[in-house]
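**Q** sequence first, predicted model second:
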Amino acid sequence: MAAKPAAVANAGEPDPVRVGFTASRKVGGAVQRNRAKRRLRAAARAVMPGAVVPGFDYVLVARGAVLTCRYADLESTLRAAMAELSKAQARAAAPARATALPASSAPPSPPSTAL
């Protein structure tokens, strides 16, 4: 799963949340790929409403295990991934800590090199 900031929306409108689903041919034929995406859509519908950050685009990539795992496991894995993404997004949005500068007003002198 990946998330990135969405393109800037019009001022005054709420930020949209877009979710995309994809499955490569490694997952299987068209029937298996569509089934994997349907399972991901159902899990996303159950998990994402309270876990998404407005203004971000989310892409869920189906792997082969999506077809064989229990639905409860799929939901719990998606919940864990959303929690991890939320933490990463919060860290990225937090301001960088300022480092303490020396109290002297003069700039530090360059180190001398003795030859």
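**A** That came through, no problem. Numbering: from 1, shown residues only.
**Q** can you list contacts of the lengthiest helix in the chain?
**A** Using DSSP state H, we find that the single longest helix of the chain is helix 71-93. Helix 71-93 has contacts (Cβ atoms under 8 Å, 6 or more residues apart in numbering) with 1, 3, 39-40, 42-44, 46-48, 51-53, 56, 60, 66, 69. For the C-beta atoms, the positions are set from N, CA and C on the backbone; glycine is no exception.
**Q** apply 7 Å and report the result again.
**A** 1, 3, 39, 43-44, 46-48, 51, 53, 66 (Cβ atoms under 7 Å, 6 or more residues apart in numbering).
**Q** filter the residues you listed down to the buried ones and express that as a PyMOL selection.
**A** A single PyMOL command selects the buried members of the contacts of helix 71-93 (16 or more other Cβ atoms under 10 Å):
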select buried, resi 3+39+43+44+47+48+53+66
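**Q** any idea where the strands of this protein begin and end?
**A** Counting by DSSP state E, the chain has these strands, from start to end: 2-5, 18-23, 56-62.
**Q** point out the most buried one among those.
**A** By mean neighbour count, with neighbours taken as mean count of other Cβ atoms under 10 Å, strand 56-62 ranks first of the strands of the chain at a mean of 18.
**Q** before we move on, the earlier item: mean pLDDT and distance to residue 93 added to the strands of the chain, as a markdown table?
**A** Shown next, in a markdown table, are the strands of the chain (pLDDT from 0 to 100; distance: least, Cβ to Cβ, whole Å):
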| stretch | mean pLDDT | distance to residue 93 |
| --- | --- | --- |
| strand 2-5 | 58 | 10 |
| strand 18-23 | 91 | 19 |
| strand 56-62 | 89 | 11 |
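**Q** no further queries at this time; thank you.
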